[in-house]
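K.L.:
No letters, just coordinates:
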């Protein structure tokens with residue numbers, strides 16, 4: 001049992017962060033999962049620049065005193081942010097008693113049958129009251145269903161066919177395309193109209209295409225854009 005500290009001389013206790021394992025430096029993942037995680041996290045930070053949120057991959061979430069953290073492939077937590085002094089022990093991972101709330105979305109990417117995504121992990125996120133639990137199974141290890149979405153209703157998760165996550169104002173969709181030089185079927189964030197949340201590279205490509213069209217228009221008017 002982790003030693004507890006008395007806070008503000010009242011009856012509220014929290015675990016002593018100095019005794020928690022905030023990282024063990026032993027991640028074991030595969031190329032596909034790592035790239036999928038980057039896509040999900042990077043597109044949020046590229047597209048939601050005016051919102052306060054925290055999104056990360058492979059960062060531990062401490063949820064219950066005396067229990068080890070659970071480490072989701074990707075999580076999204078709204079209206080919170082990492083402390084400026086993020087190297088301090090109590091700020092290195094997601095501790096529910098510091099952030100005051102669980103993440104709204106947790107995504108697990110299935111690569112084998114050992115992760116127990118539909119068993120213990122589901123029950124843990126359910127106990128934490130994570131609003132949406134998403135299981136992405138691209139190689140159909142668990143069933144023929146590649147994407148499962150669970151929504152918390154009261155104390156329990158209910159599976160839904162709805163991929164628009166109303167409580168966070170974002171949706172999820174499967175997209176065939178290229179990311180970081182790799183063609184595949186990717187899980188992507190999207191808006192309600194289906195528009196994808198773009199990565200930084202995608203935004204830069206669109207900006208470059210617009211600049212080229214503008215330059216062509218200027219040249220058609222007899223103006224050399226290089227002289228402007």
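P.N.:
That came in fine, so what should we check first? Bear in mind that the values here come from a model prediction, so they are computed numbers and not experimental data.
K.L.:
Count the residues that sit near the closest residue to residue 138 other than its chain neighbours.
P.N.:
Nearest residue to residue 138 in three dimensions, chain neighbours excluded: residue 146, at 6.1 Å (CB to CB, 6 or more residues apart in numbering). C-beta coordinates here come from the backbone N, C-alpha and C atoms, glycine included. Around residue 146 there are 16 other residues, counting by other CB atoms under 10 Å.
K.L.:
Could you do the one 5 residues further on as well?
P.N.:
Neighbouring residues of residue 151 were enumerated by other CB under 10 Å; the total is 17.
K.L.:
A strand includes it, no?
P.N.:
Yes. When DSSP: H, G, I helix; E, B strand; the rest coil is applied, residue 151 is found to be in a strand.
K.L.:
can you pull the contacts of the closest residue to it other than its chain neighbours?
P.N.:
Leaving out its chain neighbours, the residue that sits closest to residue 151 by CB to CB, 6+ apart is residue 160, at 5.2 Å. By CB atoms under 8 Å, 6 or more residues apart in numbering, the residues touching residue 160 are 149, 150, 151.
K.L.:
try residue 152
P.N.:
By CB under 8 Å, 6+ apart, the contact set of residue 152 is 126, 129, 130, 131, 132, 133.
K.L.:
rerun at 10 Å
P.N.:
102, 104, 125, 126, 128, 129, 130, 131, 132, 133, 158, 167 (CB atoms under 10 Å, 6 or more residues apart in numbering).
K.L.:
gap between it and residue 128?
P.N.:
Residue 152 sits 9 Å away from residue 128, going by CB to CB, to the nearest Å.
K.L.:
what does residue 197 give?
P.N.:
With CB to CB as the criterion, residue 197 and residue 128 are 25 Å apart.
K.L.:
same deal with residue 43?
P.N.:
Distance from residue 43 to residue 128, by CB to CB: 24 Å.
K.L.:
Identify the residue spatially nearest to residue 78, adjacent ones excluded.
P.N.:
Nearest one to residue 78, counting by CB to CB, 6+ apart, is residue 53 at 5.0 Å.
K.L.:
Before I go, just wanted to say thanks for your time.
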